[in-house]
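Chemist: Below is the sequence, then the predicted model.
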Amino acid sequence: MQIMLALVTAAALAGGGALAVDAARESAPLVRIDYLTEQSQLAPKRLVIAIDLSKSNPLIDNPAFAQKVAARVADEVRGLGFASEVHVRTFGNYDATSNNFHYDAVLSVRDRPDAVAADIGKLIAGTPMLVSSGKWRAQGRTNILAFLDNVSQSIGCSGLPTTVILASDGIEDSEYARLDHPDAHLPSPDGRPFAGCAELQILGLGEGTGSPSETVRLRGEWARWSHEAGFAGFQGLNDW
């Protein structure tokens with residue numbers, strides 16, 4: 001089911017003011033002529049943003065950290081040009097009902113980068129409230145690899161330079177690996193499902209472990225996996 005991001009964010013965070021937020025998008029807003037010129041000079045890209053709702057991820061209950069992640073992701077969206085794609089998903093458990101939120105947009109005069117960036121920033125910053133209110137459910141497993149497999153099949157890397165951003169601690173907890181164990185390793189990917197993709201980013205890598213050495217270990221695991229999977233680059237950030 002396609003969900004309007006502004007409507008859902010406002011409904012979840014502010015209640016009855018939802019329709020007013022959505023109505024602001026009904027007509028194309030006035031924009032500066034030089035803004036349109038600037039946008040025409042930016043090559044379209046694809047950005048996949050995924051919010052980890054597993055219980056191990058501090059994003060779901062730490063408003064200050066959620067705000068920090070939100071600001072960085074919003075900056076990424078704000079820097080996109082018209083005709084760029086933005087996709088937002090949640091992940092955690094591996095089933096068909098736990099993560100039914102999704103948002104997909106092609107940036108344009110109607111869905112401007114700055115407006116979409118603001119909405120996505122509000123959504124990520126509001127994740128702790130969405131979880132505490134029960135509108136989003138904290139989940140018991142962290143299926144990062146399975147989620148990425150679904151992304152490679154449903155969205156992929158063809159046609160546009162593609163970056164995948166995971167708002168996650170990067171601690172895979174699934175039948176593939178239990179990365180909270182110090183001797184655990186990510187399995188090698190099946191082929192190169194992300195061949196042609198520009199970058200994998202994990203924002204909050206190792207957050208909550210309180211261990212710099214664990215963050216380094218996790219970064220090494222994901223750097224290896226992302227290279228084998230076909231990503232041209234990898235960033236695993238605990239802080240920024």
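Modeler: All right, it came through fine.

Chemist: switch to C-alpha atoms for all contacts and neighbour counts from now on
Modeler: Will do.

Chemist: what residue lies at the spatial centre of the protein?
Modeler: Among the residues of the chain, the one closest to the centroid is residue 49, at 2.2 Å (Cα atoms, centre = their mean).

Chemist: ok, it to residue 228 distance?
Modeler: For residue 49, the distance to residue 228 equals 21 Å [Cα to Cα, to the nearest Å].

Chemist: Quick check: which element contains the closest residue to residue 76 other than its chain neighbours?
Modeler: With sequence-adjacent residues excluded and distances taken as Cα to Cα, 6 or more residues apart in numbering, residue 76 is closest to residue 117, at 8.0 Å. In this assignment (DSSP states H and E), residue 117 forms part of helix 113-125.

Chemist: Strands of this protein, residue ranges please.
Modeler: Here the chain has its strands, by DSSP state E, at 46-52, 85-91, 102-106, 162-167, 199-203, 233-237.

Chemist: who does the fourth one touch, helix- and strand-wise?
Modeler: Contacting strand 162-167 under the criterion 3 or more Cα pairs under 8 Å, 6 or more residues apart in numbering; DSSP states H and E are the following elements: strand 46-52, strand 199-203.

Chemist: Okay, helices next: where are they in this protein?
Modeler: With helices called from DSSP state H, the chain shows them at 5-14, 18-23, 33-40, 63-78, 113-125, 127-132, 144-154, 212-229.

Chemist: Could I get the average pLDDT for the third one?
Modeler: Put plainly, it is helix 33-40. For helix 33-40, mean pLDDT rounds to 66.

Chemist: quick one: contacts of stretch 62-80?
Modeler: 42, 44-45, 47, 58-60, 86, 113-114, 116-118, 120-128, 167, 203-204 (Cα atoms under 8 Å, 6 or more residues apart in numbering).

Chemist: And those, which of them are buried?
Modeler: 44-45, 47, 58-60, 86, 113-114, 116-118, 120-128, 167, 203-204 (16 or more other Cα atoms under 10 Å).

Chemist: Compare the mean pLDDT across the strands of the chain and name the weakest.
Modeler: Note on those: lowest mean pLDDT is at strand 102-106, with a mean of 94.

Chemist: want to try JSON lines for the strands of the chain, with distance to residue 140 as columns?
Modeler: Converted to JSON lines, the strands of the chain look like this (distance: least, Cα to Cα, whole Å):
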{"stretch": "strand 46-52", "distance to residue 140": "11"}
{"stretch": "strand 85-91", "distance to residue 140": "11"}
{"stretch": "strand 102-106", "distance to residue 140": "20"}
{"stretch": "strand 162-167", "distance to residue 140": "17"}
{"stretch": "strand 199-203", "distance to residue 140": "20"}
{"stretch": "strand 233-237", "distance to residue 140": "23"}
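
Chemist: ok, residue 41 to residue 158 distance?
Modeler: 21 Å.

Chemist: nope, residue 227 is what I meant
Modeler: Residue 227 is 17 Å from residue 158, by Cα to Cα.

Chemist: low-confidence ranges in the chain?
Modeler: For the chain, the stretches with pLDDT under 70 are 1-40.

Chemist: switch to 90 and redo it
Modeler: For the chain, the stretches with pLDDT under 90 are 1-42, 96-97.

Chemist: ok so, going back, OK, contacts around the residue nearest to residue 76?
Modeler: 73-78.

Chemist: ok, now residue 90?
Modeler: 50-53, 99-102.

Chemist: at 7 Å what do you get?
Modeler: For residue 90, the contacting residues are 50-53, 99, 101, by Cα atoms under 7 Å, 6 or more residues apart in numbering.

Chemist: Please report how far it lies from residue 202.
Modeler: Distance check for residue 90 against residue 202: by Cα to Cα, it reads 14 Å.
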